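Student: Sequence plus predicted model, see below.
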There are 2 protein chains.
Amino acid sequence: MKNTAVIGYGGQGAWHTEQIKKSDVVSLAGVYDIVPEKRELAQSRGIHTYSSVEELLADKKVDIVVIATPNDSHKELCIRALEAGKNVICEKPVMLSSNDLEDVLDVARETGMHFTAHQNRRYDVDFLAIKGIINSGEIGPAIAIESRIHGSRGIPSDWRGKKEYGGGMLYDWGIHLIDQVMQLFPEDNISKVFCTEQHTTNNEVDDGFKLELLFNSGITAHIEVGTLNFIAMPRFYLQCQNGSALITNWQQKTKVVHCKYWNEKEVLPIQTAAGITKTMAPRDEITTEAYEIDIPKSDVHDFYRNFVKSIDGLEPQYVTHEESLQALRIIETAFKSIQEKQVVDFDNALELNSQIRIRIKK
Amino acid sequence: MKNTAVIGYGGQGAWHTEQIKKSDVVSLAGVYDIVPEKRELAQSRGIHTYSSVEELLADKKVDIVVIATPNDSHKELCIRALEAGKNVICEKPVMLSSNDLEDVLDVARETGMHFTAHQNRRYDVDFLAIKGIINSGEIGPAIAIESRIHGSRGIPSDWRGKKEYGGGMLYDWGIHLIDQVMQLFPEDNISKVFCTEQHTTNNEVDDGFKLELLFNSGITAHIEVGTLNFIAMPRFYLQCQNGSALITNWQQKTKVVHCKYWNEKEVLPIQTAAGITKTMAPRDEITTEAYEIDIPKSDVHDFYRNFVKSIDGLEPQYVTHEESLQALRIIETAFKSIQEKQVVDFDNALELNSQIRIRIKK
């Protein structure tokens, strides 16, 4: 069991302490939060608290530090923890820029400590279901994926709404959904990025965005986060060559329609609203089959298990540095696209990345 | 009752004859189709047939000619009918380019005959429901509209799949959905266009597309047609400042969620899949109300009624020349965007249009 301390006892920091308490590979050494009331809250829950970051990092019993603070403070805290000889799990967005992440990775390399972004939503059951369908090939090669998350209470009124703290939905939910889509097509490369943002409840940062990723293979990904959507559109929609899949939300099974035979008998036009259509007439039940896929099993504790095993040299780290860098570059390209109101090529970023990849690996 | 003849007795031409038979303002003079078997079919249904376009256009009893032929033949047939002293209803896409339409409008002006595109889907009940919500303002000003039509049998194997006949889904369903969206925001102007196309079952023309229209006001429109979507996404999704609306398909009532009060009591984070979220937690039932809107009444015969009244100088034509020109310009800009893989400004097109508008009106 590796001793783990958590910096930041907000919503996500508290979530980590609860997981760590139940973990079979990590144990909770204690927490620190800059706000005294948060430390008192942790104490009232029987958690040991440190009085400062210094005290926490000086605790020789601590093997792993979890950083769960506002986004703008990740860089400094990660570097301090690595330099104090701690392995680091940093909340997402792991940094505010790929340059910042490169700096932190330099320190990780110099100190020999392990560093990972906490991309916990790779364990989301809805994502795992979609990934399972794509990997099984049961409805053919993917053509387009759509990933949406819709809320209706605007961006939270805390630091998530402030630019200086690294607020905004691209950094908040965007980094998750981008990371997931990259996991779906690991062999593919993104060639173009187009992004538009919304400012419906907040002028400082995006409180919603629509992001199009065009892959070299021709696959397209639509990633969308909204915080003023009182009706949520489906969480995932997958268009494949021989079928489609839809997940309404993470609590629902995946609906699949598989096209078994392309040709049908004579198609009769159907009446729709104010006209007829042959093109949009529904298929019969002979050429297609509809079925549901059960919600997959998933265990977020696998994240800690993998990180501990990677520290012990037993398996490769699940969230790689290359993946974390690439996700941040996509966000940077999305910001550029928003500013220029244009489609932005992703080629240069990929080239740059391959150089960095070599640098990291040596 | 104005005597009406139909050129082209395919699916859409036959639909017109059925409507005309039931009309209270137009009566069926007869049909012509270039294919003898189609003429025989019409005869077998008790419809008078002409042996040639010449004979049809020479029939002095005919007041209105409906053109329901493949798209590439519209221009020549429209000009011949106008020059023969007939008023013309032309199927959509009314022409393959705005330049072609200008040429035809010149002939209409010279001959003094009336000319209209058949944008029958302005009478679609799903469209009318969405238009009603926007115009009522009941859920506040619009932010984004999404209009999708999904089929799963590819592009039809007839002329609709051939480039030389003006095939493809942008011309086929696209022109309808573009025309509808323009009707939703008549005071607004489009500033930018981005479009991607699909070639899943056809390499010659688009068998599906995704079109983003950015309006000067900030409103965005997503228009999508798919012919390889075995599960259909909702027909309409409307995001407004104080609520959202969704129409699954034209046979369903409109679902609306209206946000009555913005502020809620303390929001508790909810568990989702592999993490918690406060942002995406659902709202309570105190601040929002959910309701359904009945399917509106609609009558496609109003299209013929309006055209006859406009011929008689009793009311303005419902589908204006400016609207038909603008819809074709949007399609032209979409094709440019597909080719350049870029966002394309719509400013110049609008400027050009205002000049043409003046020319038409004088």
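Tutor: Yes, it's here.
Student: Let me see the residues that make contact with stretch A:247-263.
Tutor: Under the criterion Cβ atoms under 8 Å, 6 or more residues apart in numbering or on different chains, residues A:124-126, A:129-130, A:133, A:138-139, A:232, A:234-237, A:242-246, A:283, A:286-295, B:152, B:154, B:230-231, B:272-273 lie in contact with stretch A:247-263. Using the backbone N, CA and C atoms, a C-beta is placed for each residue, glycine as well.
Student: quick one: stretch A:227-239 to chain centroid distance?
Tutor: Using Cα atoms, centre = their mean, to the nearest Å, we find the averaged C-alpha position of stretch A:227-239 to lie 16 Å away from the chain's own average C-alpha position.
Student: swap that for stretch A:247-262, please
Tutor: Relative to where its chain is centred, stretch A:247-262 has its mean C-alpha point 23 Å off (Cα atoms, centre = their mean).
Student: coming back round to it: which members of the contacts of stretch A:247-263 occur in strands, if any?
Tutor: Using DSSP state E, the subset of these located in strands is A:236-237, A:243-246, A:288-293, B:272.
Student: Tell me where chain A is predicted with low confidence.
Tutor: Within chain A, the ranges that satisfy pLDDT under 70 run A:266-267, A:347-362.
Student: doesn't A:Phe209 fall inside a strand?
Tutor: Yes - A:Phe209 forms part of a strand when assessed by DSSP: H, G, I helix; E, B strand; the rest coil.
Student: Find the residue closest to it in space, skipping its chain neighbours.
Tutor: Setting aside the residues directly before and after it, A:Phe209 is nearest to A:Glu197 in space (Cβ to Cβ, 6 or more residues apart in numbering or on different chains), at 4.6 Å.
Student: correct me, but the one you found touches A:Leu170?
Tutor: Yes - counting by Cβ atoms under 8 Å, A:Glu197 touches A:Leu170, with 7.5 Å between them.
Student: follow-up on the earlier one: for the residue nearest to A:Phe209, what are its contacts?
Tutor: Counting by Cβ under 8 Å, 6+ apart, A:Glu197 touches A:Leu170, A:Asp206, A:Gly208, A:Phe209, A:Ile338.
Student: can you tell me how far it sits from B:Ile149?
Tutor: 27 Å (Cβ to Cβ, to the nearest Å).
Student: Same check on A:Leu170?
Tutor: As judged by Cβ to Cβ, A:Leu170 and B:Ile149 stand 30 Å apart.
Student: For burial, what's the neighbour tally of A:Pro186?
Tutor: For A:Pro186, the neighbour count with other Cβ atoms under 10 Å in any protein chain shown is 7.
Student: I misspoke; the intended subject was A:Pro296.
Tutor: Considering only other Cβ under 10 Å, A:Pro296 is surrounded by 16 other residues.
Student: That one and A:Leu128 touch, don't they?
Tutor: Yes - taking Cβ under 8 Å as the definition, A:Pro296 is a contact partner of A:Leu128 at 4.5 Å.
Student: what does the stretch 1-150 of chain A put close to chain B?
Tutor: Of all the residues in the stretch 1-150 of chain A, those in contact range of chain B (Cβ under 8 Å from any Cβ of the partner chain) are A:11-12, A:15, A:120-127, A:143-144, A:149-150.
Student: Just the ones in helices from those, please.
Tutor: Members of the residues of the stretch 1-150 of chain A next to chain B lying in helices (criterion: DSSP state H): A:Gly11, A:Gln12, A:Trp15, A:Val125, A:Asp126, A:Phe127.
Student: Tell me how far the nearest residue to the last one once chain neighbours are set aside lies from A:Arg148.
Tutor: Using Cβ to Cβ, 6+ apart and skipping residues adjacent in sequence, the residue nearest A:Phe127 is A:Gln180, 4.9 Å away. When Cβ to Cβ is the yardstick, A:Gln180 and A:Arg148 sit 12 Å from each other.
Student: Those two - which one has more neighbours?
Tutor: Summary of the neighbour comparison: A:Gln180 and A:Arg148, criterion other Cβ under 10 Å, with A:Gln180 having more neighbours (24 against 18).
Student: Just give me how far the helix or strand where that one lies sits from the chain centre.
Tutor: Per DSSP states H and E: A:Gln180 is located in helix A:175-184. Going by Cα atoms, centre = their mean, the spacing between the C-alpha centre of helix A:175-184 and its chain's C-alpha centre is 5 Å.
Student: downstream neighbour of that helix in the secondary structure list?
Tutor: Tracing the chain C-terminally past helix A:175-184 and defining elements by DSSP H and E, one meets strand A:190-198 next.
Student: tell me the angle that following strand makes with strand B:190-198.
Tutor: Between the direction of strand A:190-198 and that of strand B:190-198, the angle (axes from the mean of the first three to the mean of the last three Cα atoms, to 10 degrees) works out to 140 degrees.
Student: quick one: strands adjacent to strand A:190-198?
Tutor: Taking DSSP bridges as the criterion, strand A:190-198 sits next to strand A:208-215 (antiparallel), strand A:344-345 (antiparallel) in its sheet.
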